[in-house]
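> Next come a sequence and a model predicted from it.
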Amino acid sequence: MSADTNQEAREQLIDLAAQFYDQFELGEIPHMSVPTRTKSNIEYDEDKSVWVYGDRESTRSANSVRGARKLLKAVYTIEFLANQLEEDRSSTLRELYYLSESWDNEEAQFSDQDESNGLIEDLEIVSGVTREDFHMRPEESGATIMGPLHLREQTRRGEREIHCQEDVGEGGYQIPNNPDTIEFLDNDADFILAVETGGMRDRLVENGFDEEYNALIVHLKGQPARATRRITKRLHDELELPVTVFADGDPWSYRIYGSVAYGSIKSAHLSEYLATPEAKYIGIQPADIVEYDLPTDPLSDSDVNALESELDDPRFQTDYWEEQIELQLEIEKKSEQQSLASHGLDFVTETYLPERLDEMGII
Amino acid sequence: MTSFQSTLGEEPGIAEELAENQQAISIAEFFEKNKHMLGFDSGARGLVTAVKEAVDNALDAAEEAGILPDIYVEIQEDGDYYRLIVEDNGPGLTKESLPKVFGKLLYGSRFHVREQNRGQQGIGISAAVLYSQLTSGKPAKITSRTQGESEAQYFELIVDTDDNEPEISVERTTSWDRPHGTRIELEMEANMRARQQLHDYIKHTAVVNPHARLELREPKAEFKFERATDQLPEETEEIRPHPHGVELGTVIKMLAATDSHTVSGFLQEEFTRVGKKTADSVIDAFRDRHYGREMRWRSPAAHEGIELESTVSDATANKGADATAAFADAIAEAVDDRDRIAHHELRADVEAAAEAVEAEHGTTFGETVRENAVEAVWLVLIDAVDDEDDATDVAAADPDGSRLVADLYELVDDATSTRKDDEVVHAFAERLAAKFEDAGEEDVRHRLTRRTLRDHVDRAAELTEEYDDVAFGDTARENVVDAVWNVMATVPDDPPLVRELESDRDASSDLVDGMRETDIMAPPTRCLSPISAELIEAGLEKEFDADFYASSTRDAEVHGGDPFIVEAGIAYGGELEAEGSVDVLRFANRVPLVYQRGACATTDVVRSIGWRNYGLDQPGGSGLPNGPAVIMVHVASTNVPFTSESKDAVANVPEIEDEIELAIREAARELKSYLNKRRSMQKRRKKQNVLGKILPEMAEKVAEVTGRAEPNIDDAIARIMNNVLVEREVERNGDGQSVSVVVENNSSTNESLEITDIVTAEPRNLSDGATVVEMDGEWFVKWEPDVESGGDAALEYEIAADGTFDLDVKGVETEKLTVKQ
């Protein structure tokens, strides 16, 4: 990371503190406004084809005891981040939470990690600097890539050139926290296959799907981390590879697809940077459940609520998703990726995926 | 079966013998045996009651004479006995009246008076004398001096219980240091177990009599209660009785005693709030009861084919064709003009027609002619024409029955529920009409009292129930009675004269009923002397060290003809006992009630109120609330209804209870808003404490991060706390300095401030609205701006360079104020 970026990020933070300073001096109540981060306040940006925050704002103001505590914590966090940038070090979100325990002022300490995570998001939005540029990283997500891709990673211990099939074990290449340190050198890939579960990823690797179809298999590991989404976006944009998402057939998996394709609600300020609107959903689709006669589980109440809430979600208001979700509500069933094994271990790589990818025009 | 009656035996004269043992009991003797009725049931209680009676008398006496009461009470221990001394600065008693006041029960000036007084029956103090003589055997020692007398009178007396007369043992003059007043010394068997009640009585008396100075000296303690005001309670005036509050016996007595001849005069003379108009209303109500009303039947409609002209003409003989025709026309027209007509109205119309035709045609229409005309027309109207001649005619005209049936059918149909079918209503109307026809045999005028009407309706309804097999309930009957009664007309008969009424119990009873029935303005309140909300607070403040006081005085209301006013007061917080239930102070006509708390309407009302609504703790949500509070209730009336002669508890009269509740709630609402405010101030203080810590820390951190000097955060804090910020800005201005004091109101309410800026040099060019006063080389700049929520205002002036200032701000709670000098 260049010293320039550090310096820039640091200045943005100090500007924020200076803004509070000026508010004090003018006799104003110190405050900062951030977009409201809820489903009802995201809107589609036609130009960038991603979902971004709307106009509604929440104000964090020192008007109340709660608000004042929040701002005090913000100032302490700003100080911490500024120092971290100056020293060119980094820390995890969890470390920030524990670190606050060492601050001299009890009022400034975080009561739980959600609070510190939320604050970092606030600061990202207000300062326009991403968390990665603050040198704040999440816990290791462990997401991996397997496929015909050659890249160079800028690590703290120097540059490494890695081929994601030849230089890695069966586990694949581990995506670093800040994928912007990666440079793509060469590839033979035809498309990207983002897979939700580890079991399915291992099945695909074992069956040699990446080799046979020149697929870059990205393991999402559930709800994908920012780094996973970022690298997917870069692979799509820079290498012009189509992106497909292969997940379970339940409402939670549609959200995983949603965050890859449209961006998540909590990071809608970074949608432009993280979302791949062109990503396509392979399945499991509710229609597949019927068509392939897959083993199912009944929908639970929370599944039904989640499906209904998705019908309200602006990101899912397309004909395709409405049709699929309504079908699922009708059949009241859900299936996992691995239920494809009911037709044999090779069914997924020999029948299901080729059929689906063909339908979608990917192969 | 045979029964054996036990017989009295053979000796004659048993009744006579028994009669010999029967004799009158003197009232004094009666009370001697029933001491408890007067509050002398025990030694402990007797002492308190004696003090109470003596002090009440003393207060009444002084106030009546327009003197600010100064009362001294002393209790001395004397072996097995206690000696009670009560001294006042009242006007004193004359030599003649003194023995009776103290030595004769039921002697007093107030029993017959409708006016608020502490004592009423004239029993109290003489009962105390009686109690003292019964328990100690010693006479009461009384000293009294009237204004201007050189010497005081001294008496020793007892009550002669045989004939309820004072028995004087010593009578002489003596010297006394008070210029006027009365002193009574009673010795009695007593104890001080009821000391708490005694103290309560004296203390509470001080609360409701802030104009009185009281002193209590006990064997081992002394208490003084100073005045809180020099304002005597307003003098009360006696009022005449209110028509709503008198009973039959009283009215008969008043009828016998009055000088008036007419009832109207009697009502106006002897009662309060009765003028000509009200008297007329009462008399109308009396007529309705006494004479009954006359039924008004519908005037004939065109389609009925009734020609009253011919009826009149037929009935009028030998008056010449023109005059007869004119007479007939006039009557027919007059009847036609009316919607409904009663017998006496018809008579009036006939009279008027006769007069008019007489004037025009010069023909005399004598009494007989008029009578005939009235009868003829009336019979047509009530369909009672003797129609032997043309029976067929009538039957043809009225296929549905008589006019009366048609008329009543309409009234009944309107008055009863729509569920009753036409047949039934019609049958009922026919039966009711039949009752009218029957009644017409006796009194052709169809004159009925409401009660008779009800009887008719009942009878008709019963028959209907019986034959038509439908329910005709009480409500329906009452509705029918109402409907009919309302179309009936009050008769113009003159009411009897007073002397006739006097001996006619039934008529008098009708009069009393009429008086009760008539709406009459509430009695005047000159006869009452409420303490006033202001003085209640002053009294509470004087005796209770609390944080907050509230009070309320209701408007006068009436109960049983006696006006009354309820007042309430609440003291809260401060030094008041926080543990246990609140104290309820009960007063009636400024007299504290210390016994029988549980039997008192006041206590019941306090218990029934949901105090949690008003911010007091109330375990279980009912009963006496807990907390550091005192609740006082004062009922002032010309006749406070007590539960017993000892006057310890106000009776549960609904009208009075309602007013007590409203008065308490009024004061409690103030308490609530005070407590709410206090709570919000507490919250504000807490917020201020927390923010007062966080914000400076934040400012410090911000300065550290940005590498600047620490920012000034006072303005921000004032804004955050929605505070009123008063800030001084000083600028050098040539030789002097220009000063501006800026008020910025960040609160959500408008604020009125009182700002005093004390400066050591003379201020010049003072801005508008401010004044300056010089005192001992200091100038007090006074400025009282009203600043609306969110607004600001500025005071500006110039002073010499060496001047210094000191700012004092009032009018805003300290929690809400930020002053920057």
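Everything's here; your move. Keep in mind it's a predicted model, so treat the numbers as computed, not measured.
> give me the number of residues near the residue lying closest to B:D88 once chain neighbours are set aside?
Spatial nearest neighbour of B:D88, chain neighbours left out: B:A58 (3.4 Å); criterion: C-beta to C-beta, 6 or more residues apart in numbering or on different chains. The way it works is simple: take the backbone N, C-alpha and C, and place the C-beta from them, glycine included. For B:A58, the tally of surrounding residues (other C-beta atoms under 10 Å in any protein chain shown) stands at 28.
> which SS class is B:A58?
helix (DSSP: H, G, I helix; E, B strand; the rest coil).
> Whichever strand or helix holds B:M188: what's the following helix or strand?
Applying DSSP states H and E as the criterion places B:M188 in strand B:181-189. Moving toward the C-terminus from strand B:181-189, the next helix or strand (DSSP H and E) is helix B:195-208.
> helices or strands next to that following helix in the packing?
helix B:43-64, strand B:213-217, strand B:222-225, helix B:533-543, strand B:583-588, strand B:591-593, strand B:629-637 (3 or more C-beta pairs under 8 Å, 6 or more residues apart in numbering or on different chains; DSSP states H and E).
> Nearest to B:N765 among these would be which one?
helix B:533-543 (42.6 Å; C-beta to C-beta).
> what's the angle between the closest one and strand B:629-637?
Here helix B:533-543 runs at an angle of 130 degrees relative to strand B:629-637 (axes from the mean of the first three to the mean of the last three C-alpha atoms, to 10 degrees).
> quick one: buried residues of helix B:533-543?
Buried residues in helix B:533-543, counted by 16 or more other C-beta atoms under 10 Å in any protein chain shown: B:533, B:535-543.
> What helices and strands are in contact with it?
Against helix B:533-543 (3+ C-beta pairs under 8 Å, 6+ apart) you get helix B:195-208, strand B:548-553, strand B:562-572, strand B:629-637.
> got TSV for these, with mean neighbour count and mean pLDDT too?
As requested, those are arranged in TSV below (neighbours: other C-beta atoms under 10 Å in any protein chain shown; pLDDT from 0 to 100):
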stretch	mean neighbour count	mean pLDDT
helix B:195-208	21	88
strand B:548-553	22	92
strand B:562-572	27	91
strand B:629-637	26	92
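> would you list the ones you listed in JSON lines and tack on distance to B:E727?
Putting these into JSON lines (distance: least, C-beta to C-beta, whole Å) gives the following:
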{"stretch": "helix B:195-208", "distance to B:E727": "45"}
{"stretch": "strand B:548-553", "distance to B:E727": "32"}
{"stretch": "strand B:562-572", "distance to B:E727": "35"}
{"stretch": "strand B:629-637", "distance to B:E727": "40"}
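> and of the ones you listed, who's closest to A:G67?
Per C-beta to C-beta, nearest to A:G67 of the helices and strands packed on helix B:533-543: strand B:548-553, 33.2 Å.
> Domain map for chain B?
The record's domain parsing of chain B by the TED database lists B:27-225, B:248-292+B:494-517, B:299-382, B:401-490, B:533-678, B:713-819.
> And chain A, is the last one touching that?
Yes - contact of domain B:713-819 with chain A (C-beta under 8 Å from any C-beta of the partner chain) involves B:713-716, B:718-720.
> and which of the residues you listed is nearest to chain A?
B:D715 (2.9 Å; C-beta to the nearest C-beta).
> Count the neighbours of the closest one for me.
Around B:D715 there are 21 residues (other C-beta under 10 Å).
> Contact partners for it?
A:26-27, B:725, B:727, B:744 (C-beta atoms under 8 Å, 6 or more residues apart in numbering or on different chains).
> so how far is A:F24 from it?
8 Å (C-beta to C-beta, to the nearest Å).
> following the longest helix belonging to chain B, which helix or strand comes up?
Longest helix of chain B, by residue count under DSSP state H: helix B:654-706. Scanning forward in sequence from helix B:654-706 by DSSP H and E, the next helix or strand is helix B:714-720.
> what pLDDT, on average, does that next one get?
Averaging pLDDT along helix B:714-720 yields 78.
> Show me what the helix or strand that that helix is followed by is packed up against.
From helix B:714-720 onward toward the C-terminus, using DSSP H and E, the following helix or strand is strand B:724-733. Packing partners of strand B:724-733 (3+ C-beta pairs under 8 Å, 6+ apart): helix B:714-720, strand B:736-745, strand B:805-810, strand B:817-820.
> Before I go, just wanted to say thanks for your time.
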